[in-house]
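*Asks:* For reference, the sequence and a predicted model appear below.
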Amino acid sequence: MRSPDRLLRRWATATTLGAVLLATLLGPSPAQAAPSRAEAVNPVITVPPEGSRGFPFLAAAEDLGSLGYTESEYFTTGTATSYAKSGIWGSDGRWTVRANTRAEYRTRLLVRRPVDAAKFNGTVVVEWLNVSGQIELSPDYWFAREELLRKGYAWVGVSAQSVGVNGGSGEIHGLKGWDPDRYGSLIHPGDAYAYDIFSQAGQALRTPNGPDPLGGLQVRTLLADGESQSAGFMTTYANAVHPVARVYDGFMVHSNSAIAAPISGQLGDTLLMPYPSRVRTDLTVPTFVVLTETDVPGAAAARQPDTDRVVHWELAGTAHGDQWAYDTGQPTVIRSAGSAAPAPGCAAGSAPFNDGPGHWSMNAALRRLADWARGGPRPASGAQLSELRDPATGLALGGIRLPDVAVPTRTLTGERDTSGSGLFCGLYGARDPWNGDTDPWDRHDDGDPSDPSFPDRAEPVLSRLYPTHEGYVSRVRTAAQNSVTAGFLLPEDATAIVAAAQDSNVGG
């Protein structure tokens, strides 16, 4: 039975899910002066031992060498500082901190970089590895992999949080438990120190004190990146820590919620964080916030106008995790974690994962942020997503609408029915091919992405939408070009989208 308050329930569920994800990982000031990177501490860099497994945790399953890349791992050792609130923290994000306590640490950097220095574009993306699944994952590497590898970025994953190093409630007890011979010497004093550990990781890449993780590559732009729970930490880092550390040239905040992570690293202190937690607008470096459909209900309270230093995108037809990121990352996760890899746990017979344009958007967002951080133009602003859906297609209204949504052939949504499913299933959204309601989930209820609410409606008929194949391809080409012109899609990705349309059997 479908309830008339289904929309409100789903928005409430999204907010609750964001709070649950934050829980799994945590065991007005003046404008900023010009950056001075001398304030960041420089840790000692060493090479880890071989270990019993012979490769780093989260080592790429694909052959990076064939793509002109190399992968390596380094330890950073130093003394990290925790921070405490100073003054009153409000929703404007203009937060100040004071140094609190200090502790010794040793963590690791996982590095992927071009072999040929001439192929390096000067930008290093430093990702705060995600630990929601109780092991380290690199979701934004997987989302933006195409752009990273084709354009010569370097990527560095940082083991910033205690769960990743020491373990949490998962079957794998952190890096130290996964390979004691390799990682047994690591020391993580707790998430209160994670922010400074992340700062020191960036400083180690700029001025290495020991072996150079980047193999002599000259860093022009250093971008900090976090997705999902890591985006909550990234929000707090940008608002409170960057003004004193001044290490990074820009921030990618992907799929955050309306409340940022606590500076103390203590779960209970989440209740003391400002709600909503917006991004401060007086930084001297840019912050790019990218939200999928899944995220918007839990993040909408923190919406703010775009400025010359903060831009938001809300992406129609996308999900927090999707088929692209899952397929790209799963071989790497299985190589390291095997059967202990976190699973979405979606119920048998339910709709498949969203396979929409999230990765195309992240490719564009990364390039736009890198250009912006180097003094280029601010990325274009995008329309806000609506909580309403087109009743004929099940697609969300508003937002940035790439060709998959502007010229649709299936329902793509960031929502899904999670009845009988695991905790992470809801993050993957859903897709529903338009095939005459022949799928097992096409029951005209909450589990039917294309028609989840009363009254019952048949799926769109593709041959009526697109009477000819040539007409369909022409519409895709126009939508792709419009997205490129607007700045929301990269030209090479538009070419790939049009080629896929040409190779399809849609139309007629």
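*Replies:* Cool, the structure landed. Quantities reported herein were computed from a predicted structural model and do not represent experimental measurements.

*Asks:* In three-state terms, how would residue 182 be classified?
*Replies:* Using DSSP: H, G, I helix; E, B strand; the rest coil, the structure places residue 182 in helix.

*Asks:* same check, this time on residue 444
*Replies:* Look at residue 444: counting by three-state DSSP, its state is coil.

*Asks:* Just read off the phi/psi values of it.
*Replies:* Its backbone dihedrals place residue 444 at phi 60, psi 50, with angles given as degrees, to the nearest 10.

*Asks:* Look up the closest residue to it, ignoring the ones flanking it.
*Replies:* Nearest residue to residue 444 in three dimensions, chain neighbours excluded: residue 456, at 4.3 Å (Cβ to Cβ, 6 or more residues apart in numbering). Where you see a C-beta, it was placed from the backbone N, CA and C, and this is true even at glycine.

*Asks:* Quick check: the gap between that neighbour and residue 446.
*Replies:* 13 Å (Cβ to Cβ, to the nearest Å).

*Asks:* Then residue 331?
*Replies:* When Cβ to Cβ is the yardstick, residue 331 and residue 446 sit 32 Å from each other.

*Asks:* can you check residue 117 too?
*Replies:* In this structure, residue 117 lies at 54 Å from residue 446, with Cβ to Cβ as the measure.

*Asks:* where in the stretch 351-500 of the chain is pLDDT low?
*Replies:* Within the stretch 351-500 of the chain, no stretch falls below the threshold (pLDDT under 70).

*Asks:* Break down it into its helices, ranges please.
*Replies:* Counting by DSSP state H, counting those that start in this stretch, the stretch 351-500 of the chain has helices at residues 358-373, 403-406, 462-465, 469-486, 491-503.

*Asks:* In CSV: these, plus distance to residue 94 and mean neighbour count.
*Replies:* Supplementary listing: the helices of the stretch 351-500 of the chain in CSV, determined by distance: least, Cβ to Cβ, whole Å; neighbours: other Cβ atoms under 10 Å:
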stretch, distance to residue 94, mean neighbour count
helix 358-373, 21, 24
helix 403-406, 36, 23
helix 462-465, 49, 14
helix 469-486, 31, 18
helix 491-503, 36, 16
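
*Asks:* Could I get those in CSV, plus columns for distance to residue 63?
*Replies:* Below are the helices of the stretch 351-500 of the chain laid out as CSV (distance: least, Cβ to Cβ, whole Å):
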stretch, distance to residue 63
helix 358-373, 20
helix 403-406, 29
helix 462-465, 38
helix 469-486, 30
helix 491-503, 21
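
*Asks:* between residue 456 and residue 446, which one's more packed in?
*Replies:* Summary of the neighbour comparison: residue 456 and residue 446, criterion other Cβ atoms under 10 Å, with residue 446 having more neighbours (20 against 12).

*Asks:* what about that one, distance to residue 417?
*Replies:* Taking Cβ to Cβ, one finds residue 446 at 4 Å from residue 417.

*Asks:* Isn't residue 300 up against residue 256?
*Replies:* No: contact status for residue 300 versus residue 256: not in contact, 11.7 Å apart, counting by Cβ atoms under 8 Å.

*Asks:* who's more crowded, these two?
*Replies:* Comparing residue 300 with residue 256 by neighbour count (other Cβ under 10 Å), the higher total belongs to residue 256, at 29 against 19.

*Asks:* Next, the more buried one: secondary structure please.
*Replies:* Going by three-state DSSP, the secondary structure assigned to residue 256 is coil.

*Asks:* got the contact list for it?
*Replies:* The contact partners of residue 256, by Cβ atoms under 8 Å, 6 or more residues apart in numbering, come to 228, 231-232, 234-235, 289, 291, 295, 299, 302.

*Asks:* Next: residue 332.
*Replies:* Under the contact definition (Cβ under 8 Å, 6+ apart), the residues listed for residue 332 are 58-62.

*Asks:* switch to 10 Å and redo it
*Replies:* Applying Cβ atoms under 10 Å, 6 or more residues apart in numbering to residue 332 gives the contacts 57-62, 137-138, 141-142, 341.

*Asks:* sec struct for it, please.
*Replies:* Three-state secondary structure (criterion: three-state DSSP) places residue 332 in helix.

*Asks:* Quick check: it vs residue 90, distance?
*Replies:* For residue 332, the distance to residue 90 (Cβ to Cβ) stands at 40 Å.

*Asks:* What of residue 396?
*Replies:* Distance check for residue 396 against residue 90: by Cβ to Cβ, it reads 31 Å.

*Asks:* quick one, which of those two is more surrounded?
*Replies:* Between residue 396 and residue 90, counting by other Cβ under 10 Å, residue 396 is the more crowded of the two (26 against 12).

*Asks:* Give me the neighbour count for the nearest residue to the more buried one once chain neighbours are set aside.
*Replies:* The shortest distance from residue 396 to any non-neighbouring residue, by Cβ to Cβ, 6+ apart, is to residue 316 (5.0 Å). The number of residues packed near residue 316 is 28, by other Cβ under 10 Å.

*Asks:* got a pLDDT number for residue 316?
*Replies:* Predicted confidence (pLDDT) for residue 316: 98.

*Asks:* hang on, isn't it packed against residue 401?
*Replies:* Yes: Residue 316 sits in contact with residue 401 when judged by Cβ atoms under 10 Å, with a separation of 4.9 Å.

*Asks:* what's the straight distance from one end of stretch 186-195 to the other?
*Replies:* Start to finish, the residues bounding stretch 186-195 are 17 Å apart (Cα to Cα, to the nearest Å).

*Asks:* what distance separates that stretch from the centre of its chain?
*Replies:* Computed by Cα atoms, centre = their mean, to the nearest Å, the chain-centroid distance of stretch 186-195 equals 22 Å.

*Asks:* quick one: contacts for residue 473?
*Replies:* Contacts were defined as Cβ under 10 Å, 6+ apart; by that measure residue 473 touches 407, 466, 498-504, 506-507.

*Asks:* pLDDT score assigned to residue 82?
*Replies:* According to the model's per-residue confidence, residue 82 sits at a pLDDT of 98.

*Asks:* What pairs with the helix or strand containing it, parallel or antiparallel?
*Replies:* Using DSSP states H and E, the element containing residue 82 is strand 69-86. Next to strand 69-86 in the sheet, as set by DSSP bridges, lie strand 44-46 (antiparallel), strand 96-114 (antiparallel).

*Asks:* between those strands, which one is nearest to residue 390?
*Replies:* Closest to residue 390 of the strands paired with strand 69-86, according to Cβ to Cβ: strand 96-114, at 40.2 Å.

*Asks:* continuing past that closest one, what's the next helix or strand?
*Replies:* For strand 96-114, the following helix or strand on the C-terminal side (DSSP H and E) is strand 123-128.

*Asks:* Quick check: nearest residue in space to residue 239, chain neighbours excluded?
*Replies:* Excluding its sequence neighbours, the residue lying closest to residue 239 (Cβ to Cβ, 6+ apart) is residue 93, at 4.1 Å.

*Asks:* Can you give me every residue that contacts residue 263?
*Replies:* Taking Cβ under 10 Å, 6+ apart as the definition, contacts of residue 263 comprise 82-86, 89, 95, 97, 100, 191-192, 195, 233, 236-237, 239-241, 269, 272-273.
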